[in-house]
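> Have a look at this fold, sequence not included:
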């Protein structure tokens, strides 16, 4: 089996821009993704929760992924979200991503039916791996119980790692519960399983316990400074940098995350269309946009080189 | 505007059969749906929660709906589920159902993102109605907070009814909370808004307070007796019939509902393939299947005329 590129560092779940008619804006998407890679991101977890991926169709995701590759982004740094409610959609997206050469995929559990068993979840992931049937596949599990409401239990990881050791490559833990991240690290990290914190708030702790980085919403707007902590986490000043990063995130998180990220990009690029979100999400009010920009400006926040349009 | 057929009585969220390779079994599906209509169902809420609809692709749903119409089922009695995470998928499925002449559609809210606002939900349904742009559309809202985790609040119904009075036709309340069903009835039923209980357990109460029937999982296996209560709800013995129906449902509900319904159809048809479910669901164990069949047999339960294969 050929060793595929693995991930580490800071990955952004790249936000997805829309046109006025709510269709996806391919040009803005490619431009934003390239900016992220030029400003600290080591990879892109496109089609994550904060990408509004679960408001996109299967066809839109495939088209956007192709746009990135055609736009000159190396597929090796891409970890698209490919986990859908339907096993068949997950297979289709995953096979497509592997064909394009993506370094990995980040997979939600099927999230409509609640209270499902570990056996049922195991069958879902197992069926996907068997049907994609491609040794290049590197699968990262996406644990985000506050949103998906269906978790990735430790027992599931253990079973999948045992059966598919070369394929099941890591996890993004967006539980917001450090004890859970630590349990994942303690049980699986020494064997090469890559644990990403789901927020930069836990980046330093994750690195100190054997993790490989973070996949964080706010990497969409603050990638360089988050990367700085990743590069220097053994430094004396790391705790102070972590504190600073967490404080910036707290400013953003006073608002609904996706609308806030888009408001920030819209503000610093001067491109009003960037603020658009798909229903059932709602863009920030004018007042909230002002408050957010003022709070960020007060912290000396900038987004250099962000092109317009 | 042409008055479209409206719904009342007992509707089944028809269960969806699979082949051994987990592809949909069109022939079994059409046969089951015809059996339901011949044995008491006044309509079919195909592609509901208990249809494993959220484990099907958009294309599979459209193909199965076409199979029903081609198989001789009148589209006027069909109320397919068309609410997806993505607005664009919901529009596509809804437009397809209206084009086929379906009497209505039953629409989940977009269910991935949690804690969304009434404004955001309003925009989702409003965008769908505006984009489908067909006066034949009759939209039934699907309130099932225990599974979707995203509710249909009363305030949302009020706003939608105010803006789209000819289009927003009713609701299925699967909250399991009679107080909520009663609040919907009290606020909206007198103006013709059709309230369906999400389970036959609330059928009698719903009829007594101005509702129009029920859309219930167990109508897949017990349609004739549920219909009997609907037809005779003003009868002296209605309370006793309700008690009997609820007791039968309780027997089924000791097990995971979808797997149990499929086990029952499999048992009474002698068609083992009917028991198959898609991951992350799991079929009943052999022991659970035996227990369930014994409990139903002890109650004199039968499914007459259920064909094999």
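All right, it came through fine. Just so it is clear, the model here is predicted, and its values are computed rather than measured.
> C-alpha only now, for contacts and for neighbours.
Will do.
> low-scoring pLDDT stretches of chain A, where are they?
Scanning chain A for pLDDT under 70 picks out A:1-5, A:307-309.
> how about the residues of it near chain B?
A:54-57, A:85-89, A:110-114, A:116-117, A:119-124, A:147-148, A:278-282 (Cα under 8 Å from any Cα of the partner chain).
> Can you show me the helices along chain A?
A:26-38, A:58-70, A:87-99, A:118-132, A:145-148, A:154-163, A:178-188, A:203-208, A:223-231, A:238-252, A:257-269, A:286-298 (DSSP state H).
> so what's residue A:223 closest to, chain neighbours aside?
residue A:40 (5.1 Å; Cα to Cα, 6 or more residues apart in numbering or on different chains).
> Could you pull up the residues touching that neighbour?
A:10, A:223-228 (Cα atoms under 8 Å, 6 or more residues apart in numbering or on different chains).
> Out of these, flag the one nearest to residue A:97.
Lowest distance from residue A:97 to the contacts of residue A:40 (Cα to Cα) belongs to residue A:10, with 20.3 Å.
> Give me the distance between the closest one and chain B.
Separation of residue A:10 from chain B (Cα to the nearest Cα, to the nearest Å): 24 Å.
> Could you give the bridge partners of that residue?
residue A:214 (DSSP bridges).
> Just give me the neighbour total for it.
31 (other Cα atoms under 10 Å in any protein chain shown).
> same deal with residue A:180?
Residues near residue A:180, counting by other Cα under 10 Å: 15.
> ok, the residue lying closest to it once chain neighbours are set aside to residue B:56 distance?
Excluding the flanking residues, the one nearest residue A:180 by Cα to Cα, 6+ apart is residue A:173, at 8.0 Å. Distance, residue A:173 to residue B:56, by Cα to Cα, to the nearest Å: 27 Å.
> Tell me the most packed of the contacts of residue A:40, by neighbour count.
Going by other Cα under 10 Å, residue A:10 tops the contacts of residue A:40 with 31 neighbours.
> wait, what's in contact with it?
Contact analysis of residue A:10 by Cα under 8 Å, 6+ apart lists A:40-43, A:213-216, A:219, A:223, A:226-227, A:230.
> same thing but 6 Å
A:41-42, A:213-215, A:227 (Cα atoms under 6 Å, 6 or more residues apart in numbering or on different chains).
> quick one: which of those is nearest residue B:303?
Nearest member of the contacts of residue A:10 to residue B:303, counting by Cα to Cα, is residue A:215, at 52.8 Å.
> Now for the closest one: which residues touch it?
So residue A:215 contacts A:10-12, A:198 (Cα under 6 Å, 6+ apart).
> That one and chain B, how far apart?
For residue A:215 relative to chain B (Cα to the nearest Cα), the value is 19 Å.
> same check, this time on residue A:301
With Cα to the nearest Cα as the criterion, residue A:301 and chain B are 28 Å apart.
> same thing with residue A:48?
Residue A:48 sits 12 Å away from chain B, taking Cα to the nearest Cα as the criterion.
> Could you do residue A:167 as well?
20 Å.
> so who does the closest residue to that residue other than its chain neighbours touch?
Leaving aside its sequence neighbours, residue A:167 sits nearest to residue A:138 (Cα to Cα, 6+ apart; 4.9 Å). By Cα under 6 Å, 6+ apart, the contact list for residue A:138 reads A:104, A:167, A:169.
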